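Enquirer: Can you look at this prediction? I've put the sequence above it.
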Amino acid sequence: MMAEIQDKIRKRRYEFSRHALDQGQITIPADVRKRLGLHPGDHVAFIVDGDEVRLVRKESRSGAAFGICKPETSVSLDDMERISKQRAGS
């Protein structure tokens, strides 16, 4: 069974079925979470197209912006700690 699931994951399109719980909750299979890189607390989006729905990982705003701003100079951890202590007055 696991080998069959892993074969399906290697392909672009595959299907899993799950039963919705009372409040509409559905468990995303572990292999799908792994493929999408989903971790507890991550956000997902449901894209509805006619009678089909796609589930996609949605990046947080800070995650999407990560790496956009490049500093002109770098600061060492020691420098950061020193500056932090100076600003705190200790």
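Expert: Here it is on my side, so go on.
Enquirer: which residue ranges form the strands in the chain?
Expert: 43-49, 52-58 (DSSP state E).
Enquirer: how about those in TSV, adding mean neighbour count and distance to residue 87?
Expert: Using the backbone N, CA and C atoms, a C-beta is placed for each residue, glycine as well. Shown next, in TSV, are the strands of the chain (neighbours: other Cβ atoms under 10 Å; distance: least, Cβ to Cβ, whole Å):
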stretch	mean neighbour count	distance to residue 87
strand 43-49	9	34
strand 52-58	11	36
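Enquirer: neighbouring contacts of stretch 73-81?
Expert: Outside stretch 73-81, the residues that touch it by Cβ atoms under 8 Å, 6 or more residues apart in numbering are residue 83.
Enquirer: again with stretch 44-54
Expert: Outside stretch 44-54, the residues touching it (Cβ under 8 Å, 6+ apart) are 28, 36, 38, 55-58.
Enquirer: from the residues you listed, which is closest to residue 4?
Expert: Of all the contacts of stretch 44-54, residue 28 has the smallest distance to residue 4: 18.1 Å, by Cβ to Cβ.
Enquirer: The closest one and residue 38 touch, don't they?
Expert: Yes. Under the criterion of Cβ atoms under 8 Å, residue 28 makes contact with residue 38 at 6.8 Å.
Enquirer: State which helix of this protein is the longest.
Expert: helix 77-88 (DSSP state H).
Enquirer: And the average pLDDT for that helix is what?
Expert: Average pLDDT, helix 77-88: 84.
Enquirer: residues in contact with the nearest residue to residue 37 once chain neighbours are set aside?
Expert: Nearest-residue entry for residue 37: residue 57, 6.1 Å, with adjacent residues in sequence omitted and distances by Cβ to Cβ, 6 or more residues apart in numbering. Contact analysis of residue 57 by Cβ under 8 Å, 6+ apart lists 36-38, 42-45.
Enquirer: Nearest to residue 16, out of these: which one, please.
Expert: Residue 16 lies nearest to residue 36 out of the contacts of residue 57, by Cβ to Cβ, at 12.7 Å.
Enquirer: Please report the distance of that closest one from residue 73.
Expert: 37 Å (Cβ to Cβ, to the nearest Å).
Enquirer: Look at these two and report which has more neighbours.
Expert: Counted by other Cβ atoms under 10 Å, residue 36 and residue 73 do not tie: residue 36 has more neighbours, with 14 against 4.
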